[in-house]
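Q: what would the 3D arrangement of this be:
(2 chains)
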There are 2 protein chains.
Amino acid sequence: MERFIPLSIPNFEGNEKKYVDDALEQGWVSTGGTYITKLEQGLADFLKTDNVAACQSGTSALHLSMIRAGVQPGDVVLVPPLTFIAAVNPVKYQFAVPVFIDCDDSLCMDPEKLRKFCEEECEYNGIMLSYKNHPVKAVVVVHVFGNMADMEGIMPIAEQYHLKVIEDATEALGTYYTKGKYAGKYAGTIGHYGAFSFNGNKIITTGGGGAVTAKDTRDVDYIRYLSTQAKDDPHYYIHHEIGYNYRMTNLQAALGVAQMEELPEFIRRKRKNYELYQKYFNGFSLVQLMTFREGTESNRWFYSLKIDKKKIKASMREIITILQGRGIQTRAVWGLINEQKPYQNEMVYEMEKAPYYSQRILNIPSSTQITESEITYVAETIKKLLKDLANE
Amino acid sequence: MERFIPLSIPNFEGNEKKYVDDALEQGWVSTGGTYITKLEQGLADFLKTDNVAACQSGTSALHLSMIRAGVQPGDVVLVPPLTFIAAVNPVKYQFAVPVFIDCDDSLCMDPEKLRKFCEEECEYNGIMLSYKNHPVKAVVVVHVFGNMADMEGIMPIAEQYHLKVIEDATEALGTYYTKGKYAGKYAGTIGHYGAFSFNGNKIITTGGGGAVTAKDTRDVDYIRYLSTQAKDDPHYYIHHEIGYNYRMTNLQAALGVAQMEELPEFIRRKRKNYELYQKYFNGFSLVQLMTFREGTESNRWFYSLKIDKKKIKASMREIITILQGRGIQTRAVWGLINEQKPYQNEMVYEMEKAPYYSQRILNIPSSTQITESEITYVAETIKKLLKDLANE
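A: Numbering: from 1, shown residues only, chains lettered A, B, ... in the order given. Just a heads-up that it's a prediction; the model follows:
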C-alpha cells in the first residue's frame, strides 16, 4: 500500500471501546447517563475550573455562550477573521452583527487593534459600548491552533468596556499560562465563557461534541439547562426559556471519558513531535515553523508552517496537491471569514495581518500516532519540494 | 429487586454493538463515514423517498427545514400547542412569530381551524398570506404519538395559501396511509419537509439524532450542506451560506443502521402490544385507549389513555406518583406550549381541544421489550387504581 500520512486523525488506543460498549450495554446512549457527568467532572478537574457543561459541538458551546452573554438581534459582537467560520456563525444565528478585528502574529486577536476599535470607532457611556448605535455585547477570542491569545492584553479592555469575553478554546484544550498574571490558568477559563470542541480532528474527540465552562458557575448551570431543552419540570414539560437540543449524549461522553484518560499522553506526544519538526525546519530559510506564545505552554494541537511567498511562487493549492501525491496530507489555513459570501458586507477593522497569514500558512501532519520516521519523511519531502519550487 | 416497567427505553437486541465497534475500529466516529450514508439510504428506502439527510436531532431537522422554507425574523409560522416544545422552538431560533392552531381529536392540527384562521384572520393577495402584516410562511404539523395528522385536510389549504408544510414526524417513523389520496405514503413524505427524531425514547434511536426528507430532493441536498457547516470548498474553507454543526456522526449512524434493521420487528411488537392493551381497556368506562386515524397504519409508538375527569377527581400528578410507587412509569402529556413562559404573549387561535386533552392524557409503558405479563400488570394496576379513585 502507498504511504499516506493524514493531517490529524483520532487516536483510540485506550478504553474507548470498553466504555462505549458499556454505555450500550447499560442502554444509556442518549442525553442521560453517568459518562456525561464523569466527562464534565474530568474536564473541570483538568481545567481547574468548577463547572463544565458537555454539549453537542464546539459550535453549540459558542452559541449557548453567546445566548447567555445576552447577544440579541442587532447587537454587535467583535470577532476574528482568521479562524474556522463556526466561531462567527453563532453571531448570525442570533441575527446579531459581527465586526472583524485583525489578528496579531500569534494568529489570535490583536489586543491593540481591539483597544483602538473600542476607543476610536465606538461610543462609551460608562455602561455600554456602542458602535453606530448598536450595543457592543461580546468579543469572541479564538486560541488558534492551540496557541494562547493575548489574554493579558484583551481582558483589561473587555473589563473597561463591559464586554463579555467568549473564549473559543475549541483547539486549545490543555493550553495554559506558565507565567504572569494568569500563570496556571487554562485557555477557556480566563474570559467569561470558554468553549471547547471534541470534533474528530481535535486533540480529543467524542465523534462530535463540545463543552462550555464559565467564570461564574451559575452560567454553566444555565447553559446546561438551555442545552437540554430548558426543562423546568422534566416530568410535566414546563419550560421557562427557549431551549436547545445541544446536550452531549452518553455514547459520545463514553468516548470522551476514555480520551480524557489519554489527554496528558497526547499532549506529551504533540510536544515531542513538534520538537522533532523544529529540528528539521530550524535554519531552513523557505519556511518558518510557527511558535507559540511566550509564557504559555501550548497543547501544540496543530503545526503550522509559514511559507516565504517572496521566494516560493507556487500557489498553496499547488503545494498541497503535490504533497498529497507524495502521501502527505496538508491543509491551507481558512479563507478569511469576512471574505465569505454571508459576511462580505460586514464591517472589517484595519485588516492587515489576517490577509497576510491567510496566504502563507500550511498545516502539516500532527496526529498523535505519527511516527518519527513519518515526521522525517514529511519534513524532508516538504523541504525538497520547496527548494525545487524556489525561484532563485 | 422491585418490579419497574419503564415508559419507553431503547432496545439493542441487534447489531448495535457490532456496528458501533466497527465504526470505532475504523476510526470513523465524526461527521464522515459510511454508516451515515448507509443510514440515509436505509431511511430513504424505508420511507419510499429519494433522499434523506441524517442530522444531529429532531430539533435540528426541524430548524434546518424552517431555514430552507425561508422563515426569517418577523415571519409567521403556524404551530401546534399540544406537542413537545422542540417542534415550536425553531420558530424562535429564527426570531419568527408562532401562531398556535388547535388540534382535533387525533391530537394533531385541526385542518378546519387552520382553514378558518387563514380565511378569516389573514389577508391573501394571491401570492402571500399575511397575518397582521407579517408574512405567513410555513405550518408545522406534528404527527403526535405516531398518529397521522389529517394530511388530506391540511395539504390543500397549504397549497391554496402557498404555505410550506413542515411535517414533524419525529414520533411517527413508519406511520403511513393505507387508503385514499395518500395511500402508501409515509408520515414525513407528504408535506414539503419531513423531520424525524432518533432520540433515546423514539421507536429507533441513535442516542441523539434525526433526519430530514423533502418533496424536492434538492432541498434535502441543501439541508445536508447547511448541516455540515455549508462548505462550498471543504479543503479551502469557502462558505456561501451560514452553516450549522448539525450533521449526524458516524458513531450515531452505526447505531442507527442496526436499529433500522430491527424497525419492522419493533413496529410489529408495538402493534401486538397495543392490541393487548386494547383487550384490557375495552369496555372499561374510566379510560379510553386513544386510537389512530382511520385509513392509516400507525407505528403505534406511544400508547395514550384518555382519563374520564368527570369520574376521576384525582390529579394526573397523583395518578402518576401512585403508579410510580407500584413500579409503573407513566407520563402526563405536555404542558400547552402557548402557556409556557416564552410563548405566553403569542397569538392563540380558537383553543379548545388542546386544553381539553392536555388535562386528560396519560401515556403508559410502550417499550418494545415489554412482556405480556408486564402489560397485564400495567393494565390491571391502572384499572384497579382508577376504580379506587373513582368517586361513585
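Q: nearest residue to A:R293 other than its sequence neighbours?
A: A:M148 (4.8 Å; Cβ to Cβ, 6 or more residues apart in numbering or on different chains). Yep, even glycine has a C-beta here, placed from its N, CA and C like the rest.
Q: now the residue in the stretch 51-200 of chain A that chain B sits nearest to: closest residue in space that isn't a chain neighbour?
A: Nearest to chain B in the stretch 51-200 of chain A, going by Cβ to the nearest Cβ, is A:G200, at a distance of 2.8 Å. Nearest residue to A:G200, sequence neighbours excluded (Cβ to Cβ, 6+ apart): B:S30, at 2.8 Å.
Q: wait, the one you found touches B:M248, no?
A: No: the criterion here is Cβ atoms under 8 Å, and B:S30 misses it with B:M248 at 10.2 Å.
Q: okay, those two: which has more neighbours?
A: Higher neighbour count among B:S30 and B:M248: B:M248, with 31 against 24, using other Cβ atoms under 10 Å in any protein chain shown.
Q: contacting residues around the more buried one?
A: Under the criterion of Cβ atoms under 8 Å, 6 or more residues apart in numbering or on different chains, the neighbours of B:M248 are B:T31, B:I36, B:L39, B:A54, B:C55, B:Q56, B:T206, B:G209, B:G210, B:A211, B:G256.
Q: one more time with 7 Å, if that's ok
A: By Cβ atoms under 7 Å, 6 or more residues apart in numbering or on different chains, the contact list for B:M248 reads B:I36, B:A54, B:C55, B:Q56, B:T206, B:G209.
Q: show me the strands in the stretch 101-250 of chain A, by range?
A: A:123-124, A:129-131, A:134-142, A:164-168, A:176-177, A:193-197, A:210-214 (DSSP state E, counting those that start in this stretch).
Q: what stretches of chain A score poorly on pLDDT?
A: Low-confidence segments of chain A (pLDDT under 70): A:1, A:392.
Q: what's the longest helix in it?
A: Ranked by number of residues, the top helix in chain A under DSSP state H is helix A:250-281.
Q: now do it and helix B:250-281, the angle between them.
A: Using axes from the mean of the first three to the mean of the last three Cα atoms, to 10 degrees, the inter-axis angle of helix A:250-281 relative to helix B:250-281 is 180 degrees.
Q: buried sites along helix A:250-281?
A: A:250-260, A:262-263, A:266-267, A:269-270, A:273-274, A:276-277, A:280-281 (16 or more other Cβ atoms under 10 Å in any protein chain shown).
Q: got the strands of the stretch 101-250 of chain A as TSV, with distance to chain B columns?
A: Shown next, in TSV, are the strands of the stretch 101-250 of chain A (distance: least, Cβ to the nearest Cβ, whole Å):
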stretch	distance to chain B
strand A:123-124	26
strand A:129-131	21
strand A:134-142	14
strand A:164-168	13
strand A:176-177	26
strand A:193-197	9
strand A:210-214	9
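Q: element containing the residue of the stretch 1-150 of chain A found nearest chain B?
A: Of all residues in the stretch 1-150 of chain A, A:S30 sits closest to chain B, at 2.8 Å by Cβ to the nearest Cβ. Element membership of A:S30, judged by DSSP states H and E, is empty: it is in no helix or strand.
Q: does it touch A:T249 like I think?
A: Yes: if you go by Cβ atoms under 7 Å, A:S30 and A:T249 touch, sitting 5.5 Å apart.
Q: common neighbours of these two, please.
A: With Cβ under 7 Å, 6+ apart, A:S30 and A:T249 have common neighbours B:G207, B:G208.
Q: adding mean neighbour count, write the strands of the stretch 101-250 of chain A out as a markdown table.
A: Output for those, formatted as a markdown table (neighbours: other Cβ atoms under 10 Å in any protein chain shown):
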| stretch | mean neighbour count |
| --- | --- |
| strand A:123-124 | 13 |
| strand A:129-131 | 18 |
| strand A:134-142 | 25 |
| strand A:164-168 | 28 |
| strand A:176-177 | 20 |
| strand A:193-197 | 31 |
| strand A:210-214 | 30 |
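Q: any chance of the ones you listed in JSON lines with distance to A:V348 as columns?
A: Shown next, in JSON lines, are those (distance: least, Cβ to Cβ, whole Å):
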{"stretch": "strand A:123-124", "distance to A:V348": "20"}
{"stretch": "strand A:129-131", "distance to A:V348": "13"}
{"stretch": "strand A:134-142", "distance to A:V348": "15"}
{"stretch": "strand A:164-168", "distance to A:V348": "19"}
{"stretch": "strand A:176-177", "distance to A:V348": "30"}
{"stretch": "strand A:193-197", "distance to A:V348": "23"}
{"stretch": "strand A:210-214", "distance to A:V348": "28"}
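Q: out of these, nearest to B:L163?
A: B:L163 lies closest to strand A:134-142 among the strands of the stretch 101-250 of chain A, at 33.6 Å (Cβ to Cβ).
Q: for that closest one, name the packing helices and strands.
A: strand A:76-79, strand A:164-168 (3 or more Cβ pairs under 7 Å, 6 or more residues apart in numbering or on different chains; DSSP states H and E).
Q: want to throw these into CSV with distance to B:P80?
A: Listed next are those as CSV, based on distance: least, Cβ to Cβ, whole Å:
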stretch, distance to B:P80
strand A:76-79, 34
strand A:164-168, 35
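Q: nearest to A:Y19, of those strands?
A: Going by Cβ to Cβ, the one of the helices and strands packed on strand A:134-142 nearest A:Y19 is strand A:164-168, 27.7 Å.
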